[in-house]
Structure formats: structure tokens, C-alpha cells
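Participant: Whatever this is, show me its structure:
(chains A and B)
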Amino acid sequence: MSVPKEVEKLSYEQAYEELQSIVDLLDEGRQSLEDTLKLFERGQALAHRCEALLNQAQLKLREVITSPEAEIKDA
Amino acid sequence: MDQLSLLSTPILSVKELTAYLHGMLENDDVLQDVWVGGEISNLMRANSGHIYFTLKDQDASVRCVIWRQHTLRLATALEDGQSVEAHGYVDIYEGGGQLQFYIDTLRLAGEGRLYQEFLRLKVKLEAEGLFEVSRKRLLPVFPLKIGVVTSPTGAALQDILNVLRRRFPLAEVILSPTAVQGSEAPAGLVLALTRIITEKPDVIIMARGGGSLEDLCAFNDEKVARAIAASPIPIVTGIGHETDFTIADFVADLRAPTPTAAAEMAVPNREDLIVALTDLTSKLQRFARHQLDNYLWQLSDLSNQLMSKSPMKYMAFEFEKLADTSKRLKRATYHSMDIRQLNLKDLFGQLTVLSPRGTLKRGFALVTNQINHKLVTSTEDITNHLPIQIEVGDGSFGATIVQE
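Facilitator: Okay, here's the model as predicted:
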């Protein structure tokens, strides 16, 4: 495994995907004891991250910047 | 003559007359499948749900009926004074003796031309392969940046935002505002699309609320269609109502029936995500537990194997052997000692025979000087009054030498 990114910096998709791959790895059941424990801990952290993102998220809204140059160019 | 001919001519009842007219109308191909253009007046919606009105032009008018089941298909609300084109059949209403036009389809005047234009463009673009299923891209599962091309003041935008807030608040929504109706709308849509693409969203929602075919015509514009087809980012359209299909819908990667549905299709549902997450979390725990259990099993199995190979077991066996040997040793020893004891007794017997005491028993005596504890073997050894010890066959006694 590559060096895992800090869980708090992951997007929902990244965290969810990693969680999924960890579950797949554990399902295979070929991990060493140490890795199993590490994967489990990481998985739990990822699940918490996803949960927090879902519960705390607020939709952000903004408008595209409409610069005059763009209008000239596009027109 | 007149009288006679009148008498000879059969007289129809009113019912027979109207039935005859009904039959004639029913057998006329033109009247059974006809489009009529005119202006609506005397519009009346009955409690039964049927709509009655008069269709007129400068010179004439005809009574019209739209049965309730056909009113549901009407795209626009009817108003007095509207110019419309209606399709249906002509029949006589026998109760009122009126000729009536029974309408099943109705559109605003001018929509016919628009519709022809729509069909022409649709055939053209379809021939170019712009509607090919193979061109359609899958929408991303987790779009974090969602571009919305629509009117900033329309209900469509609010509908979309409501859905996104409820279902997937993780996303950032970037609005690219544009007019969605009127002569400026096609160019506006193309520009708005170009702008939103520079923001590199994960998915683009192109939307507009319901309206007449004319209201939606910007989405049937060829330039708009080509801009959609050229987009490097997947586009989902939600234009008008469920029954409205625009060229934009055909070109888009995914067509949703309404703006609300477009937003729903563009993002996953938070509730679904929570369910999936819960499921994944429980799998994580189950699999990890299972894995640990496996290790415990392996450990206990291995430890059993170890115990079975333990030196203790070997030693126990050796101990047993040892105990057995030592038993045998003891037995052997005792046996040999028994023999020795027997021998010893024998020896004692011989010893007894050979001992001086045997000689004493035959009457001899041993005399010991009491002072120096030496045997007296010569007369030289004694002096007068010397205490001596005399030992005979069954014991001993003391005596004193008395010399005369």
C-alpha cells in the first residue's frame, strides 16, 4: 500500500473508495495480523470521515465568473 | 301533385335525420381525421372535466369539445383568444342537433411549423450520429462540482438546488446563468455552456421548467445541440415536463423528464449513501473479526500441535521407562541381597565353627589382663593380685591371681 493520506483531507469519494478497497482486502482474508488490525483501524477512520462529511455538508453555490474578455471571445 | 309526392316521400323523424347525418359524417375520411385552425372563444370547462369552446375565424365558427381524457394531454392551458390548431373528427350531437368538432390534440398556432423544424433537425442530427447510444457517457458517481446551466430566476434552479441540498450537499454548485426563452436564448445557452466547461465541473445539468413548444424552442436549436454534443463534460438535461422531448435531450448524455429529476439523476442520494456506508462499515467489522478469528484458530491449532510435540510428553515416557527400570533394578538388587544374606548366614555358620568361642565351648578359656587388656598367653604375663578376665564358652567372669 502507498503511504495513506490523512483521513481528514480525503474527499467523500476518496474516503469511500479506500474504505471499499479495505473491505475487499479484508474479505480476501490474506492479510497479516498486523495489517488486518491496521486496515481495520484505517477503515473505521474512513467510515467516520464519510459519515461526518455526509452529516455536516452544506451545499455551496456560486456563479461562474463572467469576464468581458470571455464574452468577446465566445461571441 | 305536390300533395301526392309529399305523401309518397317517406318522412324522417328528427332522430332518423340526425342518425343519417351521423352516418354520413362518420363515413367521410376528411371529417374523421382533420386539423382545423382558429381562435378560441366562449371557453368553458365543465365540472365533468370536459372542455367546451367555439373555434372561430373571421367568417365562421364551430362548436368544439375536448373530452376529459384528452384534456390531460394538453401541453398549455387554454385561453379565450388563443390561436390554435386542433385535430379531431366532426360529428353531430344528436341531442342538440349541433355539428361539433371533437378534438383529441391541440397545439398553439405556429407550433406546427416549429414541430416540422424540430423533426427536420432531429432527422439531420440523428443521421450524423449525434444521438448514438455509444456517445452517451456515464455520469460520475460522486460529482463534487456540479455545473448548472439555467435561468437564475426560474423555478428550475430552485428545484435543482432543493434536490441537491437534500440528496447530496457535498457538492459545490456552479451556476452559469442564461436566458432559456426568447430570441437570445440559443446564443445564451451556448455561451453559458462554454463558460461552465471552463470551470471543469464533474457534471453539467441543463434545465428549464415546463412551457409550450415555442417556450422550449431554444433547446431545439441546432447550435445548442452541437454545443452539447461537443461538451467534454457529461450533460444531463431536464427540460420542460415529462412529455416534452427536445433536441437537447436527444444529444445529452442523459435525459431527465424534469429539472428535479435531472438533479436526482446527477447525484447519489444521501440516504442511499448512508445505507451503503453502514453496510460497508459492518462488513469492515465482520471481515476484520473473521480474520482475527482465523488467526486465533490457527494459533490454537498450532499450539495444540506444539503441545503434542512437547518434550514434556517425551519426558513422561522416559520417566515411565526410568521408573520401570528402577523397579527392575530394585527387584534385581533385592534378589541379589537375599542371596547374599543366605550366603552370609552360611558364612556365619562357618565362622562360628572356626571361631575361638567354639574352642571355648569345648572347655578352653581365654584369660585377659584387666590392666592392659592383653591376652595372657604365658606365666610370664601374670603377677600376684593381677585382676584378670576369664572368658569361657557361654560367658566371662573376673578373677584375681593369687600366687602361693
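Participant: make it CA atoms for all contacts and neighbour counts henceforth
Facilitator: Noted.
Participant: For residue 64, grab phi and psi.
Facilitator: Answering for chain A, as no chain was given. Here the main-chain torsion angles of A:Val64 (degrees, to the nearest 10) amount to phi -70, psi 150.
Participant: that answer is for a different chain, and I need it for chain B
Facilitator: Recorded main-chain torsions at B:Cys64 are phi -130, psi 150, according to degrees, to the nearest 10.
Participant: you'd agree it is up against B:Arg45?
Facilitator: No. Applying Cα atoms under 8 Å, one finds B:Cys64 not in contact with B:Arg45, separated by 11.8 Å.
Participant: more crowded one of those two?
Facilitator: B:Cys64 (22 against 15; other Cα atoms under 10 Å in any protein chain shown).
Participant: Mind listing the shared neighbours of B:Cys64 and B:Arg45?
Facilitator: The contact sets of B:Cys64 and B:Arg45 overlap at B:Tyr52 (Cα atoms under 8 Å, 6 or more residues apart in numbering or on different chains).
Participant: And the pLDDT for residue 1?
Facilitator: Picking chain A for this. In the prediction, the pLDDT value recorded for A:Met1 is 48.
Participant: look at chain B instead
Facilitator: Note on B:Met1: pLDDT of 46.
Participant: what's the answer for A:Lys38, then?
Facilitator: With respect to pLDDT, A:Lys38 has a value of 89.
Participant: Mind picking out the helix or strand in chain B with the poorest mean pLDDT?
Facilitator: For chain B, counting by mean pLDDT, DSSP states H and E, helix B:2-8 ranks last in confidence among helices and strands (a mean of 57).
Participant: and what of chain A?
Facilitator: Least confident helix or strand, chain A: helix A:68-74 with a mean of 45, by mean pLDDT, DSSP H and E.
Participant: what about B:Glu128, how many neighbours?
Facilitator: Burial of B:Glu128 is recorded as 10 neighbouring residues (other Cα under 10 Å).
Participant: mind listing what's buried in stretch B:203-219?
Facilitator: B:203-214, B:216-219 (16 or more other Cα atoms under 10 Å in any protein chain shown).
Participant: quick one: which of those is nearest chain A?
Facilitator: Out of these, the one with the shortest distance to chain A is B:Ile204. That distance is 12.9 Å, counting by Cα to the nearest Cα.
Participant: Touching, B:Ser83 and B:Ser41? I think so.
Facilitator: No. B:Ser83 sits out of contact with B:Ser41 when judged by Cα under 8 Å, with a separation of 9.9 Å.
Participant: Test my guess that B:Ala109 contacts B:Glu85.
Facilitator: Yes. Under the criterion of Cα under 8 Å, B:Ala109 is in contact with B:Glu85, at a separation of 5.5 Å.
Participant: Which residues are in contact with each of those two?
Facilitator: Listed as contacting both B:Ala109 and B:Glu85 by Cα under 8 Å, 6+ apart are B:Gly37.
Participant: between the two, which one's more packed in?
Facilitator: In terms of neighbours (other Cα under 10 Å), B:Glu85 is the more surrounded of B:Ala109 and B:Glu85; the figures are 21 against 17.
Participant: Can you tell me how far the more buried one is from chain A?
Facilitator: Per Cα to the nearest Cα, to the nearest Å, B:Glu85 is found 37 Å from chain A.
Participant: Can you name the residues of chain A sitting close to chain B?
Facilitator: Remark: the part of chain A in contact with chain B comprises A:12-13, A:16, A:19-20, A:22-23, A:26-27, A:29, A:33, A:36-37, A:40, A:43-44, A:47, A:50-51, A:53-54, A:57-64, A:66, A:71, A:74-75, using Cα under 8 Å from any Cα of the partner chain.
Participant: any idea where the helices of the chain begin and end?
Facilitator: I went with chain A, as the question did not name one. Chain-ordered helices for chain A, with DSSP state H as the definition, fall at A:12-28, A:33-56, A:68-74.
Participant: that's the wrong chain, I meant chain B
Facilitator: Listed in chain order (using DSSP H), the helices of chain B are B:2-8, B:14-26, B:29-32, B:68-71, B:111-128, B:155-167, B:185-198, B:222-230, B:247-251, B:259-266, B:270-308, B:311-354, B:356-361.
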